[in-house]
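Visitor: Sequence isn't available, so here's the structure alone:
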């Protein structure tokens with residue numbers, strides 16, 4: 001039976017993929033006290049890992065834990081005997097993830113918990129047909145993973161619940177706020193909520209109700225601002241459930257329920273304007289503006305973390 005330690009200190013974890021997400025997940029594990037092996041065939045990404053990890057952990061006053069992160073080229077370079085946890089962070093391609101998990105079932109000891117950071121594919125699809133699905137879970141982080149506290153622990157139909165609960169404790173030890181998602185529906189929990197909001201936002205842009213700038217302002221400086229203090233359920237207790245219920249009865253019939261992306265979104269994609277990665281999306285992103293925006297964004301996330309510090313799981317700094 002898989003028995004994941006309930007705290008990451010002095011355990012060995014493997015991250016597969018040293019891209020942006022994989023590197024940040026390695027930071028998350030290292031700050032919890034893990035020894036982390038990151039696998040990636042790219043020499044460039046492996047070389048970038050150490051300075052990136054050191055910078056992030058130094059900002060937390062944990063620079064000594066950067067030495068716990070090492071990069072190797074292949075799965076065969078991993079010392080598998082004591083690996084407690086694997087987190088897959090490769091690109092979103094189902095067949096590639098399925099092939100990887102088929103390898104992991106053979107390489108990882110029976111006690112190792114196997115997880116995927118996929119935001120698109122349920123763990124039941126990734127592990128389909130494989131033995132040992134009781135130890136397989138989704139473990140979905142949000143970019144940038146070392147700054148956004150939330151992580152979703154997603155159960156498949158065959159996942160052992162005791163393993164899921166221990167994974168929740170393990171991630172708390174890394175300073176995360178884990179939530180248990182008991183059914184691996186598309187989008188899990190947080191992305192379903194985000195897409196429900198985005199569908200209505202883009203529908204109103206299509207209707208000419210508001211511009212992209214005004215939609216963003218309404219969320220950031222209105223109800224989104226309050227979400228730092230209370231989520232949508234607790235917020236309704238603050239406001240009064242009778243008020244919310246009456247408003248819902250009035251608005252729900254007119255909310256968008258389209259089953260395809262809004263024109264405002266699809267037109268950008270069709271034009272190749274995919275956001276910062278292509279230099280333009282809803283807004284234009286020349287390199288200097290992109291870098292300035294990334295810095296502003298990360299700065300505000302760090303300030304938000306400081307505000308919520310008393311409500312986040314503490315890190316064990318005793319070693």
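Guide: Yes, it's here. Computed from a prediction, not measured in an experiment: that's the story for all the values here.

Visitor: The residue nearest the centre of the chain and residue 29, how far apart?
Guide: Of all residues in the chain, the one closest to the mean position by CA atoms, centre = their mean is residue 141, 1.5 Å from it. Using CB to CB, to the nearest Å, residue 141 is found at 11 Å from residue 29. Glycine gets a C-beta too; all of them are placed from N, C-alpha and C.

Visitor: what's the overlap in contacts for the two?
Guide: Common contact partners of residue 141 and residue 29 (CB atoms under 8 Å, 6 or more residues apart in numbering): none.

Visitor: Only the buried residues of stretch 108-126, if you could.
Guide: 108, 112-119, 121-124, 126 (16 or more other CB atoms under 10 Å).

Visitor: and what of stretch 90-107?
Guide: Neighbour-count burial for stretch 90-107, with 16+ other CB under 10 Å as criterion, is recorded at 90, 97-98, 100-101, 104-105.

Visitor: Repeat that for stretch 38-47.
Guide: 38-40, 45-46.

Visitor: can you check stretch 311-319 too?
Guide: The neighbour-count check on stretch 311-319 (16+ other CB under 10 Å) flags 313, 315 as buried.

Visitor: What helices and strands are in contact with the host helix or strand of residue 265?
Guide: Per DSSP states H and E: residue 265 is located in helix 263-270. Applying 3 or more CB pairs under 8 Å, 6 or more residues apart in numbering; DSSP states H and E, we find helix 263-270 packed against helix 190-207.

Visitor: after the helix it packs on comes which helix or strand?
Guide: helix 212-218.

Visitor: can you tell me the average pLDDT over that following helix?
Guide: Average pLDDT, helix 212-218: 98.

Visitor: do stretch 176-188 as well
Guide: 95.

Visitor: who touches that stretch?
Guide: Outside stretch 176-188, the residues that touch it by CB under 8 Å, 6+ apart are 28, 119-120, 122-124, 138, 140, 149-156, 164-165, 167-168, 171-172, 189-190, 192, 195, 312-313.

Visitor: For that stretch, list every residue counted as buried.
Guide: Buried, per 16+ other CB under 10 Å, within stretch 176-188: 176, 178-179, 181, 184, 187-188.

Visitor: what about the host helix or strand of residue 70, distance to the chain center?
Guide: Element membership for residue 70 (DSSP H and E) is strand 69-72. The chain centre lies 21 Å from the centre of strand 69-72; the measure is CA atoms, centre = their mean, to the nearest Å.

Visitor: same thing with stretch 287-294?
Guide: 23 Å.

Visitor: who's in contact with residue 85?
Guide: Each residue near residue 85 by CB under 8 Å, 6+ apart is listed here: 4, 11, 13-14, 29, 112-113, 115, 167, 170.

Visitor: With residue 198 instead?
Guide: residue 265.

Visitor: same question, residue 30
Guide: 36, 53, 57, 62, 65-66, 68-69.

Visitor: Good, we can wrap up now.
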